[in-house]
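**Q** one predicted model, sequence on top.
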Amino acid sequence: MQDFHDEIRLRHSVRNYLDDPITKEQAEKLERFIASINQDYGLDFSLHLNEDIFSRWILGYGFIKNCHNYLCFAGPDSPDLDEKVGYYGELVILKAQQLGLNTCWVGGTYRKGDVKESASSKLVCVAALGKGKTQGSPSKSKPIEAYYQGENVPEWFLQGMESVSLAPSAVNQKKWLFKYLGEDKVEARSSGKHFNDVDLGIAKLHFELGAHKKVFAFPCNVLYD
């Protein structure tokens, strides 16, 4: 089982990158991982090296500097595509961290017209990828009690919520709410304003990784192989 617990703890958003190239071994391992995600879950994620798509001027939150690689998160249009992108895209982000690479989810500060994507897929967002000048720093987060409701919650639920508190979120809004319904039943929603469903997918993955339980609808052979 790939639990990615170390990666959850160590991974932070990085917006300033070195010129060091991604190695052939890193690229090949990440591409194989992405191919397995696409095949198993019907998505159209892709890795792009030596391509500049990030805005050269500050456009809102999260200006990306000196990054020449990116991950494209796309898939066939469906009502749950954004949430699937968050869930499975965060798996790719954590795999990149495991391979010694840094990342940052990017929703707006890039040139969408320069992104290479399949004509049959809908682009949701991208992520900067490379070797960061630093490893980033933890984002601000509230106590886990602010992110859930429920009484007599078991230890596995609390462990899941600890991982949720470390999840990235658009403009660090972290508008998640998880509800413990008893036994192994959990509900989750997000009320954010930016990339709300992507955030929810990311948070759901973090919860399952922390809780060591499969409680949501998305299948994930990668975690339970």
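**A** Here it is on my side, so go on.
**Q** now do the SS call for the spatially most central residue of the chain.
**A** By Cα atoms, centre = their mean, the chain has its centre lying nearest to Glu90, at 2.6 Å. When classified by DSSP: H, G, I helix; E, B strand; the rest coil, Glu90 comes out as helix.
**Q** how about Val126?
**A** Taking three-state DSSP as the rule, one finds Val126 in the strand state.
**Q** which residue packs closest to Gly192, ignoring adjacent ones?
**A** Closest residue to Gly192 apart from its sequence neighbours, by Cβ to Cβ, 6 or more residues apart in numbering: Lys175 at 3.9 Å. (C-beta placed from N, C-alpha, C; glycine too.)
**Q** ugh, wrong one, I meant Asn196
**A** Closest to Asn196 by Cβ to Cβ, 6+ apart is Ser190, at 5.1 Å.
**Q** surely that neighbour and Ala167 touch.
**A** No: using Cβ atoms under 8 Å, Ser190 makes no contact with Ala167, being 10.5 Å away.
**Q** show me the common contact partners of the two, please.
**A** Counting by Cβ atoms under 8 Å, 6 or more residues apart in numbering, the shared contacts of Ser190 and Ala167 are Trp176, Asp199, Ala203.
**Q** would you list every one of the strands in the protein?
**A** For the chain, the strands defined by DSSP state E cover 46-48, 70-75, 102-106, 122-130, 148-149, 176-182, 185-190.
**Q** list the contacts of the third one.
**A** Applying Cβ under 8 Å, 6+ apart, the contact partners of strand 102-106 are 11, 13-15, 17, 54, 62, 64, 70-71, 89, 93, 96-97, 125-132, 135-136, 168, 170, 198.
**Q** let's go with 7 Å and repeat that
**A** Strand 102-106 has contacts (Cβ atoms under 7 Å, 6 or more residues apart in numbering) with 13-15, 62, 64, 93, 96-97, 125-132, 135-136, 168.
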